[in-house]
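Peer 1: sharing a model prediction with you, sequence too.
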Amino acid sequence: MALRPYEQSNTSLHDLYQLYNPFAYPYEYTQHMMNRMAKMVDQSVEKNLSKMNTSIPELTLTEKNNAYHIQSSIPGISPEDLSISYKKGYLTVSGKKETSNISADGNMMSSSQQLFSNTIRIPGNPDSKQIKATTLHGVLTVAIPK
């Protein structure tokens, strides 16, 4: 349903933008404004979601010598915020990333917390007591002997 230009409306009342007359066609004007507001909200949500780092670190399984190696890129996450568990052939890497921002004048502070968890199936039946994990330059490496 298209809006009618101001010149085609029945009344001489002006609206704020002098494009459409909301009093002559209130339903069309209301629909138009609702569509504009919905578009603005959608754009705002998309903009803010793109700023957020909502990605879950990907786990990559490789086989070297007599061990499986799992690597994951975890920039900005300290080893204390990571949890690695092995149960019934599945290795789970989970953790949290906390960020805090303080305004330039020091009056406002915002903080956020991102939780993640990723699970990968380990072939065979490795001994869970010999699993070793290390972090170096933002890369988590888990070595699992066969």
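Peer 2: Alright, I've got the coordinates.
Peer 1: rest of the way, CA atoms for contacts and neighbours
Peer 2: Will do.
Peer 1: next SSE after the lowest-mean-pLDDT helix or strand in the chain?
Peer 2: Using mean pLDDT, DSSP states H and E, the weakest-scoring helix or strand in the chain turns out to be helix 26-51, at a mean of 78. Next helix or strand after helix 26-51 toward the C-terminus (DSSP states H and E): strand 60-64.
Peer 1: which other helices and strands contact the helix or strand just after that following strand?
Peer 2: As assigned by DSSP H and E, the chain's next helix or strand after strand 60-64 is strand 67-73. Contact here means 3 or more Cα pairs under 8 Å, 6 or more residues apart in numbering; DSSP states H and E; on that basis strand 67-73 packs against strand 60-64, strand 139-145.
Peer 1: report the buried residues of strand 67-73.
Peer 2: By neighbour count with 16 or more other Cα atoms under 10 Å, strand 67-73 contains the buried residues 68-73.
Peer 1: how about stretch 97-105?
Peer 2: residue 97.
Peer 1: please identify the deepest-packed of the helices and strands packed on strand 67-73.
Peer 2: strand 139-145 (a mean of 19; mean count of other Cα atoms under 10 Å).
Peer 1: next, count neighbours for residue 95.
Peer 2: 19 (other Cα atoms under 10 Å).
Peer 1: oops, could you answer that again for residue 36 instead?
Peer 2: When counting by other Cα under 10 Å, one arrives at 12 neighbours for residue 36.
Peer 1: start and end of stretch 120-131, how far apart?
Peer 2: Terminal residues of stretch 120-131 are spaced 14 Å apart (Cα to Cα, to the nearest Å).
Peer 1: just use 28 as the starting number from now, easier for me
Peer 2: In the new count, where the first residue is 28, that last one comes out as stretch 147-158.
Peer 1: what does that stretch rub up against?
Peer 2: For stretch 147-158, the external contacting residues (Cα atoms under 8 Å, 6 or more residues apart in numbering) are 86, 113, 116-119, 169-173.
Peer 1: the domain parsing of the chain - what is it?
Peer 2: 33-78, 87-172 (automatic domain parsing).
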